[in-house]
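Chemist: Any chance you can model this:
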Amino acid sequence: MITAMRTIRLMALLSIAMTMGLVGMDTAHASSIVYTKGGDVWRSSPDGRHQTRLTRDGGYSSPSQDDRGRVYAVQRDAPVGGITPYDLEDQVVVSRSDRFTPDSTFGYQRSYRDPTWVNNRELLVFNYGLLVEQAAFFAPKPAGDPSFGQWFSDPDVAQIGDGELSRDGHLLVLGAGGGLDLNNIAIYRLSANTPPDAPERVCTYHSKDGSTVYADPTFSPRRDALAFAQDAPGKRADGVYVWSLRRGCTGTARRIARGAVDPDCGPARPARPR
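Modeler: Prediction:
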């Protein structure tokens, strides 16, 4: 059984030059959501009523929170001497949070992306279109000797990705669709035999016409809500949304931050300032 508690949700670094750092900290609400908007990191209550801007120097992406409410994010360096950062497509690389670590230190996994920690040792990662199981586990190790194992694909959709397990390990949320654009959010239930068995799909969330694209779905600490980014071109409906699951997979998600991206749900208890 997977233990979904995380001490720190480290970023998989997909860039040659970037800086990972502690970007801000304030007293978290009982449950909170961090996201980026206009290049800066914000923290919000799940209902959107209390929002705090944590940075003002811009260039941030992929914020996350550890169990103490500390916020981490990636900030790309500005070009120096004509050298510009670039992304490494479909390659998961793990680095220490306080400095860039070469990919030989912990090893790396080619042909996969969308990494997220599921415990203190393993990452859930996804393949896009190589005729293998799309969900897999990657366990980085010092000295570059990682382990890897494929998990499952959903036969009812062409592509799954961008997923996250609930903290208790009982539920899995994924983006799902017919290609690289994931126009559904799918929730799965894990049993005592998953993994290695495939999880059971419980329900999906999508727009009526299927044109909306979703990204970064993330469970609240008590898995009674989902936050995700939504992009509906031409409809001014982009931003971070929260979908309440207190009555099951019913109702419609509510936008809490227009123009925001990269949501990540935070701790269920207040953070203690250091």
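Chemist: How many residues are close by P233?
Modeler: Here the number of neighbours of P233 (other CB atoms under 10 Å) works out to 10. C-betas here are computed from N, CA, C, even on glycine.
Chemist: Please name the residues that touch it.
Modeler: S211 (CB atoms under 8 Å, 6 or more residues apart in numbering).
Chemist: what's near enough to touch the residue nearest the centre of the chain?
Modeler: Residue closest to the average C-alpha location in the chain (CA atoms, centre = their mean): D216, at 4.7 Å. With contact set as CB under 8 Å, 6+ apart, D216 has these partners: D162, F228, A229, V261, D262, P263, D264.
Chemist: The closest residue to the fifth one other than its chain neighbours bridge partners, please.
Modeler: Closest residue to D262 apart from its sequence neighbours, by CB to CB, 6 or more residues apart in numbering: T36 at 4.7 Å. Beta-bridge pairing of T36 under DSSP bridges involves V41, V261.
Chemist: With L172 instead?
Modeler: L172 has the following beta-bridge partners by DSSP bridges: L165, Y188.
Chemist: Surely it touches L165?
Modeler: Yes. At 5.4 Å, L172 counts as touching L165 under the criterion of CB atoms under 8 Å.
Chemist: joint contacts of those two?
Modeler: L190.
Chemist: Which residue of those two possesses the greater neighbour count?
Modeler: Between L172 and L165, L172 has the larger neighbour count (other CB under 10 Å), namely 29 against 24.
Chemist: And the pLDDT for the more buried one?
Modeler: You'll see L172 listed with a pLDDT of 97.
Chemist: How much space separates it from K141?
Modeler: 24 Å (CB to CB, to the nearest Å).
Chemist: now Q51
Modeler: Applying CB to CB to Q51 and K141 gives a distance of 39 Å.
Chemist: Same check on A229?
Modeler: A229 is 32 Å from K141, by CB to CB.
Chemist: between the two, which one's more packed in?
Modeler: For A229 versus K141, neighbours defined as other CB under 10 Å are more numerous around A229 (22 against 13).
Chemist: measure stretch 114-122 end to end?
Modeler: End-to-end distance of stretch 114-122 (CA to CA, to the nearest Å): 13 Å.
Chemist: Any buried residues in that stretch, and which?
Modeler: The neighbour-count check on stretch 114-122 (16 or more other CB atoms under 10 Å) flags D114, P115, T116, W117, V118, N119, E122 as buried.
Chemist: repeat for stretch 182-191
Modeler: Buried positions in stretch 182-191, judged by neighbour count with 16+ other CB under 10 Å: L182, N183, N184, I185, A186, I187, Y188, L190.
Chemist: For S147, state which of those is nearest.
Modeler: L190 (20.3 Å; CB to CB).
Chemist: ok, that closest one - contacts?
Modeler: Going by CB under 8 Å, 6+ apart, L190 touches I2, L165, G169, H170, L171, L172, P199.
Chemist: One more: G48?
Modeler: Contacts of G48 by CB under 8 Å, 6+ apart are V242, R254, R255, I256, A257.
Chemist: In a markdown table: those, plus secondary structure and pLDDT.
Modeler: Formatted as a markdown table, those follow (DSSP: H, G, I helix; E, B strand; the rest coil; pLDDT from 0 to 100):
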| residue | secondary structure | pLDDT |
| --- | --- | --- |
| V242 | strand | 97 |
| R254 | strand | 95 |
| R255 | strand | 95 |
| I256 | strand | 96 |
| A257 | strand | 96 |
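Chemist: top of those by neighbour count?
Modeler: V242 leads the contacts of G48 on contacts (other CB under 10 Å) with 23 neighbours.
Chemist: Make sure that one is actually in contact with G251.
Modeler: No. Counting by CB under 8 Å, V242 stays clear of G251, with 10.8 Å between them.
Chemist: Which stretches in the stretch 151-274 of the chain count as strands?
Modeler: 159-165, 171-177, 184-189, 200-205, 213-219, 225-231, 239-244, 254-258, 261-265 (DSSP state E, counting those that start in this stretch).
Chemist: Outside of the last one itself, list whatever touches it.
Modeler: Outside of strand 261-265, the residues within contact range by CB under 8 Å, 6+ apart are 9, 31-37, 61-65, 215-216, 218-221, 225, 227-229, 240.
Chemist: thinking again about what came up before, which pair in the buried residues of stretch 182-191 has the greatest spatial separation?
Modeler: It's N183 and L190 that sit farthest apart of those, by CB to CB, at 23.9 Å.
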